[in-house]
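**Student:** just need the structure, nothing else, for what follows:
(chains A and B)
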Amino acid sequence: MDLLLIKEGFPLLSFLIFLPLVGALVLLFCHGETFARLWTLVITSLTAICSLSLLSGFDPASSKYQFAEAYTWIPRLNINYIVGMDGISILLVLLTTLIMPFCVLASWKYIQQRVTPFMFCLLTMETAMIGVFVALDFALFYIFWEFMLIPMYLLIAVWGGPRKAYASIKFFLYTLAGSVLLLVAIIALYLKSGSFFIPEMMWQPYSLVFQVLVFLAFFLAFAIKVPMFPFHTWLPAAHVEAPTAGSVILASVLLKMGTYGMLRFCLPITPDATMLLAQPILWLSIAGILYGGFTALAQQDMKKLIAYSSVGHMGFVTLGLFILNTRGIEGAMLQMINHGVTTGALFLCVGMIYERTHSRELALATGVGKYMPWFVTFLAFFSLSSFGFPGTNSFIGEFLVLAGTFEHNTFLALAAIPGAVLAAAYMLRMLQKVVWGGTANPDQSYLKDLGVREIVVLAPFLLFVFWIGLGPQPFLDLIHTSVSTLIDQLHHWQQQQQVAAVLWY
Amino acid sequence: MVILPELVLAAGALAIFLVSLSKTPSAQMAKAVAMVFGFATCVAALFAFQSQGSLFYGAYVVDQYSQLFKALIGSSLVLLLVFGQNLKGIDPDIRPEYYLFLLLSVLGLMMLVSSVELIAIFISLELSSFALYLLVPMRDDRTGSRAQMEAGMKYMLFGVMATGFMLYGMSLLFGLTGTTYLKDIIAFLAKGGLQPTVTVAVLLVLAGFFYKLAAFPLHFWVPDVYQGASNETAGFIATLPKFGAVALLIRFLTVPTGHTEFLIELMAILALCSMFYGNLSALMQKDVKRMLGFSGIAHAGFIILGLLALDRDGYGVAIYYIAGYVLMNLACFLVISNVSKEGENVTIEDCNGLYKRQPVLAFVLAVGLFGLAGIPPFVGFMGKFMILTSALRADHVLVVCLAAINTAIALYYYLSVVKAAYTAEPGERPQVDVHPAIQLTGVVLVLAIILLGALPARFIDFASTVVQNLY
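**Tutor:** Alright, predicted model coming up:
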């Protein structure tokens, strides 16, 4: 347990996990739509503000798990309630807590029916999401991981679009089917190591066959969540049918859980299998980047377009993770945050158009620029960010990933370049149509520009687009120690293996 | 007073018998009496929780093991009586008899978990079963197809056959050991020199309880009986008898057979067959009760998987699992019996838009089904998780993987009901009005499902200690 820096005094992480849950329980007893909206906003904002204090207490020079809390839970199976946070999870936790108030604001008018249950789902969702990122006990992790499916399912199934039944059930089945073998792998690891404490499972001398099997079980679950090509088919359906807040949560936070899982579990628990299987996964990532780009180019539905662009962007993230060097992993980490910020904002933009025109068809949203100058300004910046324009956040992320890839394998990096070009092509195509359109634009004169609430929602995203784009160092500092420790351990492991191999022969 | 709950039940059955004797038997009266004695049984079972004793020349033992099961049976009975109080599918004229046989069947179950002698076991089991056989055809013949008669016949004929197997097995055990006391049988067989006949005998006895548990290959009665019996009766069949089955399965699995390996392999195969058969068949069902029947077969497979480890941890987990399973099934049947307007069967389409028609019931249904599907934080997940752990600890990797895949298959049909309740439009279907007491029962069930799932440690520890004392 020396890996944990136990936090004395106020249990901040538990507070962050359970505050939304308590807020949700209050909603069970208090009805009234305005109250539900305000209450959820207050709770999510409070969580966000409290989570900021993580930054001041976080020691970026340490690779230990900080703010840790440990309580026994089910002693006979050695399951404990252990939470903690390191450089890999801190940004993701902050992303989650900070994005939630804006999800509430974005649903202020969008959700008109059954407001209280909607807010209930959002709050329980937040509990589960924070839990996933800070759980250090595998059983606890799995509980949050699976529980999350229920509120997300309901968000799509109850408040979704016309094909909500299909989309929600596909989402649920896909993700659950992916994670059943994860459960078996977790139990198998427990039986080997004697506890569910995640750091104790890392860097253990498991046999290669065992590692490969565990890795495959992990990979299936996480790849579906990311989603990696060819496991991505649930994503466009779910995105298109989900309400705006659901799309934002899905894109900004849920997808990151897959890549977080790969980094947190696959690499340190099954290092040999990771190195053995990295090559095919890298090529799958390339396939995802290109496939996502080409498919996005052909979409008429804006949400679908962004959904497919997510497949491409997440391809960059997995590419960065599996080239297994510091630049790549840091780039991938940053790209996870970037994607959360940019794609979340893009979904919010589409949601705002949808509230006005009740359509997400690109053809019906042409020429909006004339009547909604504020809106298209935001949209333009987010689109630029989405294809990695220099000065925006994604540029830094993609640059680091590509730099890492060139270090690893030039051929691979060259194969990823067209993806970046494609991103520019599909985003600019959308931007051009929305801002100017053609000669036969539909009559958009009835549209009103963004209100104050909507500008308040979008402005912070823009702030982060430029902050990360122009001054990424503070963000990289937070993750650097954990990532470089991880890489050091990996190199150390590799050397050990080589020595062992030499001694063996 | 060690057998207080049994006495209360017997008194209750007699009281209802007296009610049924009057020229114009009052359904209200019978209900009231049944309720009072049901609650009294539950209280008595909790009251007698700590008592110990041995009666009838050691054939009947009251220990922590039996008292745990009696408490579980008693509390489930109360929940069942409360939410099934309307008995919509039963003709008011025969409701006193219905309650009479219901209480007698529960009495049989309570006696069953305390019996440690072959004849006593047989008598209690038959008391419980025959009362139950009579409950099935008591449904009124609204459809005119007499499905309830068919169901009753099937239930009885298969039941009698299974009892025949069990009796044959018992006779073999008696012939081999010269005693009918389980303790002496175990002591005799533990001395060694075992013949293969012991395995055959134990398997035959187990068959009788597999029938109660609805495990493959003794599951044939399940779908038709669930569908043919009235909603409340099906709710009873799906829940309480499983306690008896698990209690006795654990008792008989402690009998040394000398062919443990073979027994384990056979049980693993039966567990997998149960799961695949149950889950794959459930995928295609339209009738919710029939679907729950198939899902019950699949869950029986899971319970057998828990017993597979043949150690006290596995048994403790199996008890935990069955307790959770009964809670979740009660939640589902609570919804079914109250969504059904006049006691007819409920199809998945009948649940359409339940969320708008009766939000509380929809929530209870969703929790029950998500729990059965094994989603955290409900008790179904913890049970599944523990069972998979204990099976994997015993090195049944393939079995565990296939079982895990089964949970993914099962999700589809559970979800299809939740989908109907939450996403489909209600259409012409009317509001569902339910009594506040029933809503409260639903909430209690939901809380129990969540709490038992989130804090399983104490229950499992207790169950395992209790099982430990069996040896």
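**Student:** name the residue of the stretch 351-500 of chain A that lies nearest to chain B.
**Tutor:** Residue nearest to chain B within the stretch 351-500 of chain A: A:His358 (19.3 Å; CB to the nearest CB). Heads up, the C-betas are built off the backbone N, CA and C, glycines and all.
**Student:** show the pLDDT at that residue.
**Tutor:** Residue-level confidence at A:His358 comes out at 84, pLDDT.
**Student:** one more: A:Ile49?
**Tutor:** pLDDT, A:Ile49: 93.
**Student:** for B:Lys183, which non-adjacent residue is closest in space?
**Tutor:** Using CB to CB, 6 or more residues apart in numbering or on different chains and skipping residues adjacent in sequence, the residue nearest B:Lys183 is B:Val116, 6.5 Å away.
**Student:** my guess is that neighbour contacts B:Asp63. True?
**Tutor:** No - using CB atoms under 8 Å, B:Val116 is not in contact with B:Asp63, being 9.1 Å away.
**Student:** so between those two, which is more surrounded?
**Tutor:** In terms of neighbours (other CB atoms under 10 Å in any protein chain shown), B:Val116 is the more surrounded of B:Val116 and B:Asp63; the figures are 23 against 17.
**Student:** tell me which helix or strand comes right after the host helix or strand of B:Lys212.
**Tutor:** In this structure, B:Lys212 sits in helix B:196-213 according to DSSP states H and E. Using DSSP H and E, the next helix or strand after helix B:196-213 towards the C-terminus is helix B:222-228.
**Student:** now for that next one, which elements pack on it?
**Tutor:** Packing partners of helix B:222-228 (3 or more CB pairs under 8 Å, 6 or more residues apart in numbering or on different chains; DSSP states H and E): helix B:147-177, helix B:231-253, helix B:288-307.
**Student:** give me every residue in the stretch 251-400 of chain B lying close to chain A.
**Tutor:** Residues of the stretch 251-400 of chain B found near chain A (CB under 8 Å from any CB of the partner chain) are B:313, B:355, B:370, B:375-377, B:381, B:385-386, B:388-389, B:392-393, B:397, B:400.
**Student:** let's see 7 Å
**Tutor:** Residues of the stretch 251-400 of chain B lying near chain A by CB under 7 Å from any CB of the partner chain: B:370, B:375-377, B:385, B:388-389, B:392-393, B:400.
**Student:** which one is the residue in the stretch 251-400 of chain B that chain A sits nearest to nearest to, not counting chain neighbours?
**Tutor:** Here the residue of the stretch 251-400 of chain B nearest chain A is B:Pro376; by CB to the nearest CB that distance is 4.0 Å. Closest residue to B:Pro376 apart from its sequence neighbours, by CB to CB, 6+ apart: A:Ile143 at 4.0 Å.
**Student:** that neighbour against B:Pro377, yeah?
**Tutor:** Yes - with contact defined as CB atoms under 7 Å, A:Ile143 reaches B:Pro377; the gap is 5.8 Å.
**Student:** neighbour-wise, which of those two wins?
**Tutor:** When neighbours are counted by other CB under 10 Å, A:Ile143 and B:Pro377 differ, and A:Ile143 comes out ahead with 24 against 21.
**Student:** per-residue confidence at that one?
**Tutor:** On the pLDDT scale, A:Ile143 gets 92.
**Student:** which element is it on?
**Tutor:** A:Ile143 is part of helix A:138-147, with elements assigned from DSSP H and E.
**Student:** what's in contact with that helix?
**Tutor:** Applying CB atoms under 7 Å, 6 or more residues apart in numbering or on different chains, the contact partners of helix A:138-147 are A:79, A:81, A:128, A:131-132, A:135, A:179, A:183, A:186, A:196, A:198, B:375-377.
**Student:** that older thread, who touches the residue of the stretch 351-500 of chain A closest to chain B in this structure?
**Tutor:** With CB under 7 Å, 6+ apart, A:His358 has no contacts at all.
**Student:** now it. Its backbone dihedrals?
**Tutor:** A:His358 adopts backbone torsions of phi 60, psi 40, taken as degrees, to the nearest 10.
**Student:** any idea how far A:Trp374 is from it?
**Tutor:** Counting by CB to CB, to the nearest Å, the separation of A:His358 from A:Trp374 is 20 Å.
**Student:** residues near B:Lys88, how many?
**Tutor:** Per other CB under 10 Å, the neighbour tally for B:Lys88 reads 18.
**Student:** helix, strand or coil for it?
**Tutor:** Here B:Lys88 is recorded as coil under DSSP: H, G, I helix; E, B strand; the rest coil.
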